[in-house]
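*Asks:* Quick one, fold the following:
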Amino acid sequence: MKKKLLIRDLTLRDGQQSSFATRMTQKQIDRVLPLYKDADFYAAEVWGGAVPDSIMRYLNEDPWDRLEKIKAGFGNKTKLTALSRGRNLFGYSPYPEDVIEGFNRLAIKGGIDIMRIFDALNDLDNMKTTIEYVKANGGIADCAVCYTVDPHFTFADRVKGVFSGVKIPPKIFTVDHFVEKCKKLERMGADIITIKDMAGLIPPDVASPLIKRLKAETKVPIDLHTHCTPGYGLACILVSIVNGVDIVDTVIGNFAGGPAAPSFELVQIFCDKLGIETGVNLEKVVEINKHLFDIRKELDKFDEAKQFPFDINIANYSLTDEQSDLFDRAIDAAKNDRIEETTQLCQEIEKMFNYAAPDEIVKAAQIPGGMYTNMLAQLKQLKLDHLLEKVLRTVPRVRLDSGLPPLVTPTSQIVGVQAVYSVVSENKGEDFYNNKSTQFVNLVKGVYGKTPYPINPDFREMICGTKEESPYDVSKYKKQDNPALSEYEDVRLAKDEKEELLLELFPAVAAGFLKNKREVEYKKVLAEIRAKEEIEERKIHAEAEIYNSLTDDEKKTKLLEGLYNNW
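*Replies:* Got it, this is the predicted structure:
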């Protein structure tokens, strides 16, 4: 019997978010849904992440409607997946339990089968109740550990050996570290464990032993999620497959590679050569990819790469001798732990099929691509982009001072923004931490949870005014207002629990979206009332014309019959 590898398709969520700023409309998604219904992926990630915010903000679409339409289109053969940041859901600060419970319950009721749960600090306590709510509502708890790297310090930094009173620690983010996190999640009730590498920073020489250890020391299915940004993605998938990973995350051809996850087609070719069955309906994938080609052209203004991969008819492909040899050599290298060679060959394969080249800046800086571009945008806005190199050198210091948070959303942005603030302050001759973002203060205070490395109490006092760690007090949480809209006959801004949750989770964006929705509904009701009035007016007018055309005797008769009492 052939070995089996499960495929989680990310195209409709992470794929379009990574490459096209989450701008796929429902109409565009509707074009591929009939094909996805029979594509037979194990799972498809379709919701969560930036989807709810972005489609309200930019497309004026309802996130709950999108989920229900996708569920109706997919049917029940493929499990639908969403992404959630545990106690923080989509925001920064933790939410009260009723909000967390309501979101997970309604997401599962709306069609989500697998909730992928993570925490930006890998503080597992922040994931505990979400795991419980997902399982209580019949969902599958996919618990993710966020992969990150230790900060890189220069030789001079290490000689100096201290930042803000914090000694430079030995390596924190080792294979042992991640294995222990995963084992604890299994004890907490995880149904699936994912190594979630949003930045594509996990190198194959870490992925290989990590997957091997997890397969040996845990019993639940293991999933690898990574991206291609610095050029490791495809090689990581390959070494994970040969080490027994159960699930891998991929994106269909025209949306794959670059900042997104590896190409499904390239992974399928590896599986074919390894004698591994994915169970995916390859003919449907070919059809989906044709539509994605057109949709990508429609999303051109959000497509920074503008580099389309060469078409692979994965249902009926033939490789040249050169192409086949590259795949065979990569497999041999992966099986025999020649990791550097595996990486090089996988990059050659991607180049051969015209996928985006590795981002050398992100690779060298060891930070997520989004974090890098955000810092550069900040500096350009201030006309200080010449300070970028200094900001990049500053990131390790800011990160160490704030407890070595993983570089994932939102902590990567918190650290990046603070690095820019600090370099700008120094450039003005001010103290390094003269200008502090609210989020950085809250991170150091302990509002978001426990950091992987202890924060110096003196540093916390300098930043927050207290030496003691201060977790977020949810008793101080203030529920968002849900006003009656007098201009629309006092209808509530949010009409049901789903809309109330949108207000709680995305207050600024949802308020405008929901008000616009109420206005459209109100105008529709007014139009319907007016249409009924016009029909009645036309009826009365027609009757009047008939009445006026009658003789006096006929009018008397009709009046006696009570047929024209209006006159």
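
*Asks:* Give me the spatial nearest neighbour of S208, chain neighbours excluded.
*Replies:* Take S208 and drop its neighbours on the chain: the residue closest to it by CB to CB, 6 or more residues apart in numbering is V239, 4.2 Å away. For glycine as for every other residue, the C-beta is placed from the backbone atoms N, C-alpha and C.

*Asks:* Tell me the spacing between that neighbour and V220.
*Replies:* V239 is 20 Å from V220, where distance means CB to CB, to the nearest Å.

*Asks:* Which one of those two is surrounded by more residues?
*Replies:* A side-by-side neighbour count of V239 and V220, using other CB atoms under 10 Å, places V239 first with 31 against 18.

*Asks:* Now tell me which helix or strand of this protein has the poorest mean pLDDT.
*Replies:* Here the helix or strand of the chain ranked lowest by mean pLDDT, DSSP states H and E is strand 162-163, holding a mean of 56.

*Asks:* just the helices in the stretch 351-500 of the chain please.
*Replies:* Along the stretch 351-500 of the chain, the stretches classed as helices by DSSP state H, counting those that start in this stretch are 360-365, 369-381, 388-401, 411-427, 438-445, 457-464, 497-505.

*Asks:* what's next to the fifth one, contact-wise?
*Replies:* Helix 438-445 is contacted from outside by 92-93, 398, 401-403, 405, 410-411, 413-415, 417-418, 421, 448, 451, 455, 459-460, 463-464, 466, 469-470, 472, using CB atoms under 8 Å, 6 or more residues apart in numbering.

*Asks:* What is the subsequent helix or strand relative to the helix or strand containing K27?
*Replies:* Assigned by DSSP states H and E, K27 falls within helix 26-36. Note on helix 26-36: by DSSP H and E, the next helix or strand toward the C-terminus is strand 43-48.

*Asks:* average pLDDT across the helix or strand following that following strand?
*Replies:* Sequence-wise, the next helix or strand downstream of strand 43-48 (DSSP H and E) is helix 51-59. In this model, helix 51-59 carries a mean pLDDT of 96.

*Asks:* quick one, helix 51-59 and helix 26-36 angle?
*Replies:* Put simply, helix 51-59 runs at 130 degrees to helix 26-36, going by axes from the mean of the first three to the mean of the last three CA atoms, to 10 degrees.

*Asks:* Give me the angle between helix 51-59 and strand 43-48.
*Replies:* With the same axes, to 10 degrees applied, the angle from helix 51-59 to strand 43-48 works out at 60 degrees.

*Asks:* and stretch 388-400, which residues are buried?
*Replies:* L388, K390, V391, L392, R393, T394, V395, P396, R397, V398, R399, L400 (16 or more other CB atoms under 10 Å).

*Asks:* Could you do stretch 417-434 as well?
*Replies:* Neighbour count says stretch 417-434 has V417, Q418, A419, V420, Y421, S422, V423, V424, S425, E426, F432, Y433 buried, by 16+ other CB under 10 Å.

*Asks:* Name the surrounding residues that touch that stretch.
*Replies:* Stretch 417-434 is contacted from outside by 374-375, 378-379, 382, 384, 387, 390-391, 394-395, 398, 402, 435-437, 439-440, 462-463, using CB under 8 Å, 6+ apart.

*Asks:* Quick check: mean pLDDT of it?
*Replies:* 94.

*Asks:* on that earlier part again, I only care about the contacts of stretch 417-434 that end up buried; give me the PyMOL line for that.
*Replies:* Buried subset of the contacts of stretch 417-434, written as a PyMOL selection, criterion 16+ other CB under 10 Å:
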select buried, resi 374+375+378+379+384+387+390+391+394+395+398+402+436+439+440+462+463
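
*Asks:* these two touch, right, R13 and E45?
*Replies:* Yes. Counting by CB atoms under 8 Å, E45 is a contact partner of R13 at 4.3 Å.

*Asks:* list the residues that contact both of these two?
*Replies:* In terms of CB under 8 Å, 6+ apart, R13 and E45 are both contacted by the residues T81, A82, L83.

*Asks:* For the residue nearest to L59 when sequence neighbours are not counted, what are phi and psi?
*Replies:* Spatial nearest neighbour of L59, excluding adjacent residues (CB to CB, 6+ apart): T25 at 5.7 Å. Dihedral angles of T25 (phi, psi; degrees, to the nearest 10) stand at phi -80, psi 170.

*Asks:* Report how many residues lie close to T25.
*Replies:* For T25, using other CB under 10 Å, the count is 17.

*Asks:* thought it was touching E61?
*Replies:* Yes. In terms of CB under 8 Å, T25 counts as a neighbour of E61; the distance is 7.1 Å.

*Asks:* pLDDT averaged over the longest helix along the chain, what's the number?
*Replies:* The single longest helix within the chain, with elements called by DSSP state H, is helix 507-548. Taken as a whole, helix 507-548 has an average pLDDT of 88.

*Asks:* Likewise for stretch 69-85?
*Replies:* So the average pLDDT for stretch 69-85 ends up being 95.

*Asks:* Pull out the buried positions in it.
*Replies:* For stretch 69-85, using 16+ other CB under 10 Å, the buried residues are 69-71, 73-74, 78-85.

*Asks:* And the residue sitting furthest away from the middle of the chain, which helix or strand is it part of?
*Replies:* Largest separation from the mean C-alpha position in the chain: D553, at 78.8 Å (CA atoms, centre = their mean). Taking DSSP H and E as the criterion, D553 maps to helix 552-561.

*Asks:* circling back to that earlier point, tell me which element the residue nearest to S208 falls in.
*Replies:* helix 233-242.

*Asks:* Which other helices and strands does the following helix or strand past that helix contact?
*Replies:* Per DSSP H and E, the first helix or strand lying C-terminal to helix 233-242 is strand 247-250. The contact analysis (3 or more CB pairs under 8 Å, 6 or more residues apart in numbering; DSSP states H and E) places strand 247-250 against strand 6-9, strand 222-225, helix 233-242, helix 264-274.

*Asks:* Out of those, which one sits most buried?
*Replies:* helix 233-242 (a mean of 29; mean count of other CB atoms under 10 Å).

*Asks:* what's the angle between it and helix 264-274?
*Replies:* 30 degrees.

*Asks:* my guess is G102 meets D496, correct?
*Replies:* No. With contact defined as CB under 8 Å, G102 does not count as touching D496 (11.1 Å).

*Asks:* who has more neighbours, these two?
*Replies:* For G102 versus D496, neighbours defined as other CB under 10 Å are more numerous around G102 (18 against 10).

*Asks:* Is that one located within a strand, as I assumed?
*Replies:* No. Counting by DSSP: H, G, I helix; E, B strand; the rest coil, G102 is not part of a strand but helix.

*Asks:* Tell me how far A144 lies from K390.
*Replies:* From A144 across to K390, the span is 33 Å (CB to CB).

*Asks:* Repeat that for K212.
*Replies:* K212 is 40 Å from K390, by CB to CB.

*Asks:* go on, K181?
*Replies:* K181 is 33 Å from K390, where distance means CB to CB.

*Asks:* Poorly predicted segments of this protein, please.
*Replies:* Where the chain drops to pLDDT under 70, the residues are 1, 155-166, 558-567.
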